[in-house]
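A.B. asks: Here is the input, now give the coordinates:
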Amino acid sequence: MFNNILLASDGSDHAIRAAEKALSLANGNPKAEIKVVYVVDGTKSKADVLHNWNSIDVDRSRKEKLTLTEQKLKHANINYEIKILHGEPGPSIVKYANENNMDVCVIGSRGLNSLQEMVLGSVSHKVAKRAKCPVMIVK
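C.D. replies: Residues are numbered from 1 along each chain as shown. The predicted structure is shown next:
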């Protein structure tokens with residue numbers, strides 16, 4: 001049984017499917033808790049600030065990307081917590097997973113930024129290579 005489940009999410013379709021898999025891992029386990037991790041990349045952070053008037057709007061915009069995931073978690077009545085991290089997505093997710101002794105990391109195979117994926121390698125691949133826990137990559 002997995003008690004500490006990390007769900008890496010950016011609001012993409014693959015991340016929504018990853019949320020569904022994380023829910024299936026937690027289903028029936030009263031000790032299960034899902035940590036939803038959203039990483040604010042430096043380049044996105046600058047764009048967020050330029051497109052919004054203040055920090056409250058920036059924060060709201062980021063949380064809106066996780067709305068569907070949060071609705072699914074609430075509906076399933078699963079304990080969850082949303083963590084917003086700052087930095088490069090792959091290393092930030094790995095660091096969080098390793099420092100918080102996660103039992104499993106669930107991540108979509110592709111995110112919202114396909115150009116970065118082609119140039120730098122996918123976030124899911126980086127997480128799978130470096131996380132100390134099992135990693136489930138969801139298509």
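A.B. asks: helix, strand or coil for the residue nearest to residue 25 when sequence neighbours are not counted?
C.D. replies: Of all residues beyond its chain neighbours, the one nearest residue 25 is residue 2 (5.1 Å), with distances taken as C-beta to C-beta, 6 or more residues apart in numbering. Quick note: C-beta positions are derived from backbone N, CA and C, even for glycine. Three-state assignment for residue 2 (DSSP: H, G, I helix; E, B strand; the rest coil): coil.
A.B. asks: Surely residue 2 is in contact with residue 103?
C.D. replies: Yes - in this structure, residue 2 is within contact of residue 103 by C-beta atoms under 8 Å, at 4.3 Å.
A.B. asks: the more surrounded of these two?
C.D. replies: Neighbours per residue, other C-beta atoms under 10 Å: of residue 2 and residue 103, the larger number sits with residue 2, 20 against 16.
A.B. asks: So which residues of this protein form strands?
C.D. replies: Taking DSSP state E, the strands of the chain run over residues 4-8, 33-40, 79-86, 104-108, 135-138.
A.B. asks: For the biggest helix by length in the chain, which outside residues touch it?
C.D. replies: Here the longest helix in the chain is taken by residue count, with DSSP state H as the criterion, and it is helix 13-26. Under the contact criterion C-beta atoms under 8 Å, 6 or more residues apart in numbering, helix 13-26 has outside partners 2, 5, 7-9, 32-34, 36, 68-69, 72-73, 76, 78, 104, 106-111, 136, 138-139.
A.B. asks: This completes my enquiry, with thanks.
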